[in-house]
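J.: What follows is a predicted protein model with its sequence.
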2 protein chains.
Amino acid sequence: MSWGKGDGPRGYHHGNLKEALVRAALALIAEKGPAGFTFADAARWAGVSPAAPYRHFRDRDALIADVARRGFEEFTGVLQAAWNDGRPDAMTALDRLGKAYLDFAKREQAYYSAMFEAGVAPDSDPQLREASERAFGVLRTAAEKLVALMPPQGRPPALMVALHIWSVTHGIASLFGRGDAARRVLPMPPEELLEAAVLIYLRGLGLGPDATSGRS
Amino acid sequence: MSWGKGDGPRGYHHGNLKEALVRAALALIAEKGPAGFTFADAARWAGVSPAAPYRHFRDRDALIADVARRGFEEFTGVLQAAWNDGRPDAMTALDRLGKAYLDFAKREQAYYSAMFEAGVAPDSDPQLREASERAFGVLRTAAEKLVALMPPQGRPPALMVALHIWSVTHGIASLFGRGDAARRVLPMPPEELLEAAVLIYLRGLGLGPDATSGRS
DNA sequence: GGACTCATGTAAAGGCCCTTCACATGAAGG
DNA sequence: CCTTCATGTGAAGGGCCTTTACATGAGTCC
């Protein structure tokens, strides 16, 4: 018999129910989607009564919001590692960043669903909002470094560039990212689709693969 | 008292329950999101018992899928009208197309939710799949016309261009499109954000606003 | 006109979920 | 040892989804 954590049996108190519920939510969302996930299921998965979760989360949405918050924190770490401060050059790092984004959407489907598709208002929890801002901050930093490569006259707003890249990446992840959930026919893997889009976009900004090597 | 249709009272049989249920679904999804929508609510809204809808839809998901299908058909019409066969020139028409996309996402939130956010697998119903393909077909046609403006050597695949434009548009609509649902701070309205993105992208393809006037 | 048929709607019921409340348990600290 | 309080339980109310047997009446065919 499994308690989700793999620990031995337990007495009246679980000991670490909050963490167990979060893990249960991740497992169940991965299995049946954020809509199919139920509070009662999570409780069963953790081996407690249906009322126990309410000692740790105001309601079902609060649990999902907490999962989303953790997702954004993981996400921030992944993106930061991929960006790696723009080394060795901004273009290379940006390419890694995009791939890391798609990879996260594919590998951590449960997190990604909770973050973007569970219908959780980002403002419902200030913590959630801040976590999501931090994740976007990585993209913004990257855009700033990219824009700095351009000649001062005619530089586009870095924030706009960040939003463009975020949008196309999120769009690809939503429409084609997941292995088969809402699959559509694609002539190429999503990673290549994104890479091509970003390359074309940057060329449109006047940033060729030659302008990259940190000059200026 | 309202029967949703505004008709007079009715006898044992409703007369037009299927249509009434679809309208109820649209109203309820617009009000409370696709997750908050319930089959029983739709039945109440139409003034029938909770079991009546099962005479017209296999289950709750089938109703949502039907709403999504109708949404894609509306969508196709809107996009086709905006594209208007690429007149007066492809760039102008593409700009209209993008704006029409965002406008649809904003004005027809209920349809858009059912189409993209309700967790309906496009393959669950062949009709749904075909309707969504037709909508994308408008974008593909537009991309083909655009690509044809370029010199034959170095033309990118039109399908890829269509996917890029679809992705960025859908990404913007998902992340920032709706008035306030999952709002994030934006320095500019979504329409401008999209227009700028597409302009930069097309410049990256070598298509300036000058290359537009239907020459070859 | 009358009888039959069959699509359409109803009532009732089973099973599940969300949430709350009063109550039980036992770990921690004086 | 004994009290306190966070944590978990059981039971219950209300709602939803879906199925089943039954009711109704519009259309059809003689």
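T.: Arrived safely.
J.: from here on, contacts and neighbour counts on C-alpha atoms
T.: OK.
J.: and chain A, which of its residues are near DNA strand C?
T.: A:11-13, A:37-41, A:50-51, A:54, A:58-61 (CA under 7 Å from any atom of the strand).
J.: Please list the members of these that lie in helices.
T.: A:39-41, A:60-61 (DSSP state H).
J.: Find the pair from the residues of chain A next to DNA strand C with maximum spatial separation.
T.: Distance extremes for the residues of chain A next to DNA strand C: the farthest pair is A:Gly11 and A:Asp61 at 28.0 Å, using CA to CA.
J.: okay, those two: which has more neighbours?
T.: Neighbours around A:Gly11 and A:Asp61, counted as other CA atoms under 10 Å in any protein chain shown, are more numerous at A:Asp61. The numbers are 16 against 6.
J.: Do I have it right that that one meets A:Gly119?
T.: No: counting by CA atoms under 8 Å, A:Asp61 stays clear of A:Gly119, with 9.3 Å between them.
J.: Close to chain B: what parts of chain A are there?
T.: Residues of chain A found near chain B (CA under 8 Å from any CA of the partner chain) are A:35, A:117, A:119-122, A:160, A:164, A:166-172, A:174-175, A:181-183, A:187, A:193-194, A:197, A:200-206.
J.: What values do phi and psi take at A:Gly15?
T.: Here is the backbone geometry of A:Gly15 (degrees, to the nearest 10): phi 100, psi -40.
J.: burial of it, as a residue count?
T.: 10.
J.: And it, what's its pLDDT?
T.: Confidence at A:Gly15, expressed as pLDDT, is 80.
J.: where along chain A do the strands fall?
T.: For chain A, strands defined by DSSP state E do not occur.
J.: thought A:Val168 was touching B:Val168?
T.: Yes: look at A:Val168 against B:Val168 with CA under 8 Å: they come within range, at 4.0 Å.
J.: pretty sure A:Glu42 contacts A:Leu21?
T.: You called it Glu, but residue A:42 is Ala. Yes: using CA under 8 Å, A:Ala42 is in contact with A:Leu21, at 5.9 Å.
J.: quick one on the thing from earlier: out of the ones in helices among the residues of chain A next to DNA strand C, who has the most neighbours?
T.: A:Phe39 (20 neighbours).
J.: Hmm, that one is touching A:Arg60, no?
T.: Yes: contact criterion CA under 8 Å: A:Phe39 and A:Arg60 qualify, at 5.8 Å.
J.: that older thread, and DNA strand D, which of the residues of chain A next to DNA strand C reach it?
T.: A:12-13, A:50-51.
J.: Give me the residue ranges of chain A where confidence is low.
T.: For chain A, applying pLDDT under 70 flags the ranges A:1-9, A:179-184, A:210-216.
J.: Ignoring the adjacent residues along the chain, who's closest to A:Pro34?
T.: Excluding the flanking residues, the one nearest A:Pro34 by CA to CA, 6 or more residues apart in numbering or on different chains is A:Ala118, at 5.8 Å.
J.: same check, this time on A:Ala43
T.: Nearest to A:Ala43 is A:Pro50, by CA to CA, 6+ apart, at 5.5 Å.
J.: what number of residues lie near the one you found?
T.: 13.
J.: Quick check: phi and psi on it?
T.: According to degrees, to the nearest 10, A:Pro50 has phi -60, psi -20.
J.: Quick check: it touching A:Arg44?
T.: Yes: with contact defined as CA under 8 Å, A:Pro50 reaches A:Arg44; the gap is 7.2 Å.
J.: which residues are in contact with stretch A:106-125?
T.: A:26-27, A:29-30, A:33-35, A:61, A:64-65, A:67-72, A:104-105, A:128-129, A:132, A:177-179, B:35, B:117, B:181-183 (CA atoms under 8 Å, 6 or more residues apart in numbering or on different chains).
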